[in-house]
Structures are given as C-alpha cells and as structure tokens.
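Asks: got a sequence here, can you build the structure:
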Amino acid sequence: MERRAKILAERRDQLRGAMLRDKPRKRRSDSLGVIRQVVNALKLMQSQQSDKLNDRLAQAGLRSRDAIVVFLFFKMVTPVLLGAVAFLLVYLLQVGDLSPAGRLLAVVGGIGLGFFAPELYVSNLTKKRQVALSKGLPDALDLLVICAESGLSLDVALERVANEIGGANSELAEELSLTSIELGFLPDRRQALLNLNRRTNLPSIRGVVNTLMQTEKYGTPLSQSLRVLANEFRDQRMLKAEEKAARLPATLTVPMILFILPVLFIVLTGPAIIKVMDTLGK
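Replies: Take a look at the predicted model:
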C-alpha cells in the first residue's frame, strides 16, 4: 500500500507539473548520480528506444523515474560482471576440469547470460503482473457495474473500486487508481484510457478500454456495457478452467506410466513371483 500510494503521488505530481523536492528523493538521486552519469556518457538513452523501454518497464510495474536508468546500467554491467566471475572460476580457481575450448565457452556463456538476464527479469515480472491483472478483472468489473448503477462518474467509480480491491489485487488497484487520477487531470479523457491500455498491454483490458471509449463517445449506458464485459470475462475464465481440466488426463498419462504402473505391477505380481521362485528352489 505504501508503494502504491507513492506511485500515485508521483503520477499526480507529474500531471500537475510540479517537482518533488523532499529529502528522501534528493538522497536517492544522489545515490543514482553515478549510474546516471555512466548511462549518459555512453549515450544509452535514445528518444525512441527510451519511450518503448518505458512502456515495457511500466508493464512490469517498474514506474520509477530512474527505472530506465537502472535497467540500462545493469544491462551494460551484468555481462561484464558474469563474464569476470566465469573467468575467475574457470581460469584462476580452475573449477571443473574443462578443456581450453570448454573454458572459453563457459566465459562466453557467462557474458551471454549477463546480457539476457535483465531482459528475462523484466519479462517474468510482466507475465506475473499480467496474470494477476487478468485474474482480478472480472471481479473489478462487477464492482464497477455496481458503482456505475449507483450514479458515480467513471473516475470516481474507478477510485472506489481500486480502494475496495486493493488488498486482494494490488496490481489492478494501482492501474485503476492511476487511470482515475489521469481522468481527473488530463484534458482528453480518451488519452487516460489509452494510457491504461499501454501500461497493461492485455487483450481483456483492451476490450474494457474500447468499451469505455465508446461509452464516452456515444453516450451508451456504462453499467450495461460493463455487465456484458464482466459476463464475457467470467465465461472465458470458466472455459480456461474447463480446458485445463480436459488436458489433465493426457498430462497424467506419462507420470502414471513412469511412476504408478511399475509400483502397481510390483505389488500385484510380487507375491506370485516369490512363490514361483520358492517352488522352483525346492
């Protein structure tokens, strides 16, 4: 909750055009000064690439202003660090009796692993966050339908739903809170909904955004549209559960053949084999 409140406060101040000058932020900027200087000296931050990278980090839940700087720094340092560790282990400490080609391959593998490690980390965070958003979306839509039927506006309804589901699904609550803030501050409400779509990059949320945009444009009833979407997402979740249940017998075939059937044969035929061996021995 503290992290979410901090993110929302930063986004609110960005939209207001103000800059935070408190002491913790100053100490943090001082600690990241060296990293920022290295990234700027090597010219790693380019305009087009930085925008795409900001979107990727936002999809992973990394929304800090210094997230892109830290990511680029570790993407540059990690290959060198892992390559040096591999060189130390293979050549100096001689861990594992490897041939010269194997040692060289180990060092190159450490460098390659260091190059892809930050990308894999961000990709895993993005997948986990998207799964959490997908699980909490149908319940959030049900709450949003109740708020819309009670007469609340879209931004107030999103804020109320975010407060209600904050303990159960903090990721979705954070996205809804950010969207509510942007709906109140941005002159174009359509841009706030597009920002939600860009931050999540989920087909289900894309459908919600399109529905809300059509509601804002044509004036269709919000509660009715959201109720239809909630039913569709609930049916999709049920279909996925049924699909997993249908795949279960085929998935269990190999473990049954390898682990269960041999034990079953031993239990059933073991006594008979022992009796036959005793009879033949006599």
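
Asks: okay, strands next: where are they in the chain?
Replies: Using DSSP state E, the chain contains no strands.

Asks: the bottom helix or strand of it by mean pLDDT?
Replies: helix 23-31 (a mean of 48; mean pLDDT, DSSP states H and E).

Asks: just the CA atoms of stretch 199-208, as CSV, please.
Replies: What follows is stretch 199-208 as a C-alpha-only set of coordinates in CSV (Å, rounded to 0.1, in the frame of the first residue of the first chain):
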residue,chain,number,x,y,z
ARG,A,199,0.6,0.3,-19.3
THR,A,200,-1.0,-3.2,-19.3
ASN,A,201,-0.9,-4.5,-22.8
LEU,A,202,-3.6,-7.1,-22.2
PRO,A,203,-6.4,-8.1,-24.6
SER,A,204,-9.0,-8.2,-21.9
ILE,A,205,-8.2,-4.7,-20.6
ARG,A,206,-8.0,-3.5,-24.2
GLY,A,207,-11.6,-4.6,-24.6
VAL,A,208,-12.6,-2.7,-21.4
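
Asks: mind listing the helices in the stretch 151-282 of the chain by residue range?
Replies: Assigned by DSSP state H, counting those that start in this stretch, the helices in the stretch 151-282 of the chain fall at 154-164, 170-185, 189-200, 203-218, 222-255, 261-281.

Asks: and among these, the most buried is which?
Replies: helix 170-185 (a mean of 22; mean count of other Cβ atoms under 10 Å). (Glycine included, C-beta is placed from N, CA and C.)

Asks: hey, which helix is longest across this protein?
Replies: What stands out as the longest helix in the chain, according to DSSP state H, is helix 100-149.

Asks: just want the angle from that helix to helix 189-200.
Replies: Per axes from the mean of the first three to the mean of the last three Cα atoms, to 10 degrees, the angle that helix 100-149 makes with helix 189-200 is 140 degrees.

Asks: return the distance of helix 100-149 from the chain's centre.
Replies: The chain centre lies 4 Å from the centre of helix 100-149; the measure is Cα atoms, centre = their mean, to the nearest Å.

Asks: what's it packed up against?
Replies: If you count contacts as 3 or more Cβ pairs under 8 Å, 6 or more residues apart in numbering; DSSP states H and E, helix 100-149 packs onto helix 47-59, helix 67-87, helix 154-164, helix 170-185, helix 203-218, helix 222-255.

Asks: pLDDT averaged over the shortest one - what is it?
Replies: Along helix 154-164, the predicted confidence averages to a pLDDT of 88.

Asks: counting by contacts, list what that helix packs against.
Replies: Packed against helix 154-164 by the contact rule (3+ Cβ pairs under 8 Å, 6+ apart) you find helix 100-149, helix 170-185.

Asks: which one of those helices is the most hemmed in?
Replies: helix 170-185 (a mean of 22).

Asks: pLDDT value on Met1, please?
Replies: Met1 is given a pLDDT of 65.

Asks: residue contacts, Ala132?
Replies: 169, 171-172 (Cβ atoms under 8 Å, 6 or more residues apart in numbering).

Asks: Leu183 reaches Arg189, doesn't it?
Replies: Yes: using Cβ atoms under 8 Å, Leu183 is in contact with Arg189, at 5.5 Å.
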